[in-house]
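[1] Give me a 3D structure for the following:
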Amino acid sequence: QSPLVESGGGLVQAGGSLRLSCTAPGLTLARYAVGWFRQVPGQRREGVACLSGPDGTVFYDDSVKGRFTISLDKAKNTLYLQMNALEQEETGVYYCAADPGIPEAVCQMLGPLDYWGQGTQVTVSS
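    Residues are numbered from 1 along each chain as shown. Next up is the predicted model:
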């Protein structure tokens with residue numbers, strides 16, 4: 001079993017919203033930098049939004065600023081990604097990850113990240 005488990009993906013029309021969730025049965029997310037990544041067909045995986053569990057610092061890729069919001073519910077040990085105004089080009093598999101690094105470095109995947117989920121499919125239709 002993956003240490004992280006994503007849910008909330010699905011089919012949505014362009015301009016619509018989805019909220020993804022990531023739970024971690026064996027980890028305390030508040031101790032890590034945690035983030036959301038996506039892999040669009042034919043492209044490399046990229047960081048979308050990352051957050052420091054210890055101090056709350058956030059980092060967003062420029063392409064999602066103002067539309068996506070990352071948050072961590074420490075009591076529920078659950079990471080969220082609220083995605084608004086979704087675009088068709090954002091169709092892909094969305095993953096959550098956790099690593100002891102800092103949010104920007106984690107999102108940029110400057111090194112291998114310690115923990116990954118198996119991903120959840122997001123499909124944005126026209």
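[2] Tell me which stretches of the chain form helices.
    103-107 (DSSP state H).
[3] who's in contact with the spatially most central residue of it?
    Centrality entry for the chain: nearest residue to the mean C-alpha point is Trp36, 1.6 Å, by CA atoms, centre = their mean. Shown here is Trp36, whose contacts under the criterion CB atoms under 8 Å, 6 or more residues apart in numbering are 20, 22, 47-50, 68, 70, 79, 81, 94-96. Yep, even glycine has a C-beta here, placed from its N, CA and C like the rest.
[4] tell me which of the residues you listed is nearest to Gly56?
    Ranking these by separation from Gly56, with CB to CB as the measure, puts Ile70 on top at 10.3 Å.
[5] From Arg38, how far off is Ser17?
    If you measure Ser17 against Arg38 using CB to CB, to the nearest Å, the figure is 16 Å.
[6] distance between the ends of stretch 48-62?
    With CA to CA, to the nearest Å as the measure, the ends of stretch 48-62 fall 9 Å from one another.
[7] Give me the average confidence score over that stretch.
    When pLDDT is averaged over stretch 48-62, the result is 96.
[8] Report the distance from that stretch to the chain centre.
    The chain centre lies 10 Å from the centre of stretch 48-62; the measure is CA atoms, centre = their mean, to the nearest Å.
[9] Can you point out the buried residues in it?
    Going by neighbour count (16 or more other CB atoms under 10 Å), the buried part of stretch 48-62 is 48-53, 58-61.
[10] Low-confidence stretches in this structure?
    Within the chain, not a single segment meets pLDDT under 70.
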